[in-house]
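Undergrad: dropping a prediction and its sequence here:
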Amino acid sequence: MDRIGRGTIHTKNLCISLLGSTQPTKLLSYLHKTLTGIENDGLFQRFQLLVYPDEIKAWKLIDRKPHEEAQRKASQIMKQLATMNFTHHGAHLDENAEIPYFQFNDQAQEVFYEWLTEFEDKLRETQDESIVTEHLTKYRKLMPALALIFHLIEIAHGKSQGPITRDAVMKAAGWCDYLEMHARRIYELGLSPTYQAARALAKKILKGETKDQFTARDVYRKHWAFLGTTEIAETACDILVQYGWLREEFPTGSRKTKSSYLINPGIIRTPHE
């Protein structure tokens, strides 16, 4: 960390946690860039605790005090974890190591192996989009990380000691199922038929398989996947216009003449860029 007046401070172990929310439209814009491969830097796949709640159909006024006892317990647990000597509660500290660690007990290890086997089989059997697979592969770490968090909460609450328990692993597995459901829901925002069509057209543009100026009919006549009708091709073009990939040129003269589309020069990259 470089700070004015304090010089450079080296942080040995840095962990950054982000908590927040965003609007679906902004998320959709980001997903579109990620799905087309233009800006798939792997960042989004690292947001593992994602949820996409149902839209509230009817607003209801709720005016009540916060749950003070729950607040107190949560605050107490966080303070204990921040100051805890984990080796006093069953963590191992190897020689010349600085960070202690917990292990699964035998029952927890068995459950984890069963979960991991089923998980790896599912990854190989499904035909998910690559970005969805990239997201789910992070669950190999997420699951045991959640199990550790649940176990540490129980320790701080005075309800557990020693190795990570089977109960903590089962909770983590349940959370992974829950989070996968929401992750798929979020990614499907960008995988709807219209956005699949726009994504397919974007890939063709990147590969140089379209003219510098083309019509939706030109796209349809190539019989590309997800672009099987003129209407779908027009919708795909409209989406790419919204995101700045294309500029629509409106016809002059004959009403029968369809709009044409110009490709944004900034989209087409040379092999060296």
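TA: Received, thanks. Numbering: from 1, shown residues only.

Undergrad: which parts of the stretch 1-150 of the chain are helices?
TA: Taking DSSP state H, counting those that start in this stretch as the test, the helices found in the stretch 1-150 of the chain are 24-36, 68-83, 106-125, 130-137, 139-156.

Undergrad: distance from the chain centre to the longest one, please.
TA: So that's helix 106-125. Here helix 106-125 shows a centroid-to-chain-centroid distance of 22 Å under the convention CA atoms, centre = their mean, to the nearest Å.

Undergrad: mean confidence score for that helix?
TA: Throughout helix 106-125, pLDDT has a mean value of 96.

Undergrad: so which of the helices of the stretch 1-150 of the chain comes closest to Leu189?
TA: Relative to Leu189, the nearest member of those by CB to CB is helix 24-36, separated by 5.2 Å. (Glycine included, C-beta is placed from N, CA and C.)

Undergrad: give the rounded mean pLDDT of the closest one.
TA: Per-residue confidence for helix 24-36 averages out to 73 on the pLDDT scale.

Undergrad: what's the answer for stretch 200-218, then?
TA: 88.

Undergrad: what's the span of it, first residue to last?
TA: Across its full length, stretch 200-218 reaches 14 Å between end residues, using CA to CA, to the nearest Å.

Undergrad: got TSV for the helices of the stretch 1-150 of the chain, with mean neighbour count and distance to Glu249 too?
TA: Formatted as TSV, the entries for the helices of the stretch 1-150 of the chain read as follows, by neighbours: other CB atoms under 10 Å; distance: least, CB to CB, whole Å:
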stretch	mean neighbour count	distance to Glu249
helix 24-36	17	23
helix 68-83	11	58
helix 106-125	14	45
helix 130-137	17	32
helix 139-156	19	46
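
Undergrad: in TSV, list those helices along with distance to Ala168.
TA: Conversion of those to TSV gives the following (distance: least, CB to CB, whole Å):
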stretch	distance to Ala168
helix 24-36	31
helix 68-83	15
helix 106-125	7
helix 130-137	21
helix 139-156	4
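
Undergrad: indicate which one of these is closest to Leu49.
TA: Each of the helices of the stretch 1-150 of the chain has some distance to Leu49 by CB to CB; the shortest is helix 139-156, at 8.5 Å.

Undergrad: packing partners of that closest one?
TA: For helix 139-156, the helices and strands in contact under the criterion 3 or more CB pairs under 8 Å, 6 or more residues apart in numbering; DSSP states H and E are helix 68-83, helix 106-125, helix 166-187.
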